[in-house]
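*Asks:* coords please:
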Amino acid sequence: MKSLPDRKINFHSLYEIVDAPIRWHLLRTALNMEVFGRLETPLSAADLSRALGSHAGNTEVLLKGLTAMGLLRKNGDTYVNTELARLCLCPQSETYLGGMLKSLSVMRTQGMENLEQIVLNGPPAQESGPDLENQSLWKEATSYLGAYQRAGVGQEAVEIARSLPEWPGFNKMLDLGGGAGMIGLYLVLAHPKMKGVLFDLPKVCENALPLIREYDSDMRMQVLAGDYNEDQLGEGYDLVWASLNLYYAKKDLNHVMAKIHQAMNPGGVFISYHEGLHQGRVSPAFHVLGRIAPAFRAQDFSFDQGEIADSMLKAGFARVHSKTIETVNGPIDLDIARKKGGNNGF
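*Replies:* Model (predicted):
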């Protein structure tokens, strides 16, 4: 006769794994139906159903699910956006992230429906990428990046840069591969005199410039179009900022790092804001899982912890200080490199 197992297992985390797709399906449906845009003021499920032309009962089920997720508040018979939904999920918000989230979901799950076959047989044949000549695609991507950068990332960059002892003396900065250019603009406008340059691909710069000018009437931020693997980056920079974009330099990171070093003034500071995988590339979970779909396609470009710092030293930077910080993008390795000269004491 067998004895009953004498153990108590906490397997609640397994339920959470099963529930994760449910949460996304609820959010995606609400985004597609523009639910949050209609709930800036309280509405009953019946009123919302009439406005949407949707099934009354299932509209209420959707609203209850969104409330359970913390995206709506229920008061009596009415529902209204929480602060997070108001700021990030309403299309009229400057920090609307709905489009970016839908795009990110596609990238993060591409091919996962055939995962068993991919594990058995190896990476699938490469699919054709997006049409890089499609102007509307570039405009949409830049718009998504702009909202994301305005939703806290730009302010986070200012907090980091302001903590540097060199901050008051900066005159010119480079936002390297900065997409919509909002991070560089936040840095420039937080400083009394510093001017800035956004360096990115030509079609990115073309779409970023109108966004920048909405906030930069004094034209303190300029754009310089190019490919940092091939082209010069300009010169005379006291501060260089690069966040979550140096993957395109992975084929020869040391070459790009040397160009960054060359473009900077003596005593200049280069801040790299990227993930750093460690423990055999199984941590942090946020970054490992967020990029596991491309890893199955042999496109795992995430950085190892210390990889960027090592490249900075090889490029000639005199000193590198590294630390891991908690951010809106999960755990991030902040590598701060200083070029010899100036008044930095080395």
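*Asks:* if I look at the nearest residue to residue 65 once chain neighbours are set aside, what pLDDT would I see?
*Replies:* In this structure, residue 65 finds its nearest non-sequential neighbour in residue 26, 4.6 Å apart by Cβ to Cβ, 6 or more residues apart in numbering. C-betas here are computed from N, CA, C, even on glycine. Listed pLDDT for residue 26 reads 98.
*Asks:* wasn't residue 26 part of a helix?
*Replies:* Yes - the assignment for residue 26 by DSSP: H, G, I helix; E, B strand; the rest coil puts it in a helix.
*Asks:* who's in contact with it?
*Replies:* For residue 26, the contact set (Cβ atoms under 8 Å, 6 or more residues apart in numbering) comprises 62, 65-66, 69.
*Asks:* quick one: which of those sit in strands?
*Replies:* Among the contacts of residue 26, no residue falls in strands (DSSP state E).
*Asks:* what's the weakest-modelled helix or strand in the chain?
*Replies:* Between all helices and strands in the chain, the lowest mean by mean pLDDT, DSSP states H and E belongs to helix 135-148, at a mean of 86.
*Asks:* chain center to it, what's the gap?
*Replies:* 13 Å (Cα atoms, centre = their mean, to the nearest Å).
*Asks:* helices or strands next to the helix or strand following that helix in the packing?
*Replies:* Next in sequence after helix 135-148, counting helices and strands by DSSP states H and E, comes helix 154-162. Counting by 3 or more Cβ pairs under 8 Å, 6 or more residues apart in numbering; DSSP states H and E, the packing neighbours recorded for helix 154-162 are helix 182-189, strand 237-243, strand 264-274.
*Asks:* quick revisit: can you list the contacts of residue 26 in a markdown table and add neighbour count?
*Replies:* What follows is the contacts of residue 26, written out as a markdown table (neighbours: other Cβ atoms under 10 Å):
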| residue | neighbour count |
| --- | --- |
| 62 | 23 |
| 65 | 18 |
| 66 | 26 |
| 69 | 16 |
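*Asks:* among the residues you listed, pick out the one closest to residue 257, please.
*Replies:* Ranked by distance to residue 257 (Cβ to Cβ), the contacts of residue 26 are led by residue 69 at 42.0 Å.
*Asks:* so what's the closest one closest to, chain neighbours aside?
*Replies:* Among residues not flanking residue 69 along the chain, residue 23 sits closest, at 5.9 Å (Cβ to Cβ, 6+ apart).
*Asks:* pull the number of nearby residues for that neighbour.
*Replies:* Per other Cβ atoms under 10 Å, the neighbour tally for residue 23 reads 15.
*Asks:* quick check: it touching residue 70?
*Replies:* No - with contact defined as Cβ atoms under 8 Å, residue 23 does not count as touching residue 70 (10.3 Å).
*Asks:* about what we covered before: in helices, which of the contacts of residue 26 appear?
*Replies:* Those of those mapping onto helices are 62, 65-66, per DSSP state H.
*Asks:* got the CA positions of the helix or strand hosting residue 255 in CSV?
*Replies:* For residue 255, the host element (DSSP H and E) is helix 253-263. The C-alpha coordinates for helix 253-263 follow below in CSV (Å, rounded to 0.1, in the frame of the first residue of the first chain):
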residue,chain,number,x,y,z
LEU,A,253,31.4,46.6,-30.8
ASN,A,254,35.0,47.6,-30.2
HIS,A,255,35.0,49.5,-33.6
VAL,A,256,31.9,51.5,-32.7
MET,A,257,33.2,52.1,-29.1
ALA,A,258,36.4,53.5,-30.5
LYS,A,259,34.4,56.0,-32.7
ILE,A,260,32.5,57.1,-29.6
HIS,A,261,35.7,57.7,-27.7
GLN,A,262,37.2,59.7,-30.6
ALA,A,263,34.1,61.9,-30.9
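*Asks:* which residues does it contact?
*Replies:* Residues outside helix 253-263 that contact it (Cβ under 8 Å, 6+ apart): 174, 176, 228-229, 232-237, 240, 242, 246, 249, 270, 307-308, 311-312, 314-317, 339.
*Asks:* now with 6 Å?
*Replies:* Helix 253-263 is contacted from outside by 228, 233-235, 237, 240, 249, 270, 311, 314-316, using Cβ atoms under 6 Å, 6 or more residues apart in numbering.
*Asks:* in those, find the pair that's most separated.
*Replies:* 234 and 314 (21.8 Å).
*Asks:* now, among the ones in helices among the contacts of residue 26, which is nearest to residue 112?
*Replies:* For these, the nearest to residue 112 is residue 65 (22.8 Å; Cβ to Cβ).
*Asks:* quickly note the distance from the closest one to residue 188.
*Replies:* 42 Å (Cβ to Cβ, to the nearest Å).
*Asks:* ok, now which ones touch residue 54?
*Replies:* Residue 54 neighbours (Cβ under 6 Å, 6+ apart): none.
*Asks:* name the SS class of it, please.
*Replies:* Going by three-state DSSP: residue 54 is coil.
*Asks:* would you mind measuring from it to residue 89?
*Replies:* 18 Å.
*Asks:* next one: residue 294
*Replies:* 26 Å.
*Asks:* when these two are compared, which one has more neighbours?
*Replies:* Higher neighbour count among residue 294 and residue 89: residue 89, with 26 against 17, using other Cβ under 10 Å.
*Asks:* so what's the more buried one up against?
*Replies:* Taking Cβ under 6 Å, 6+ apart as the test, what residue 89 contacts is 36, 98.
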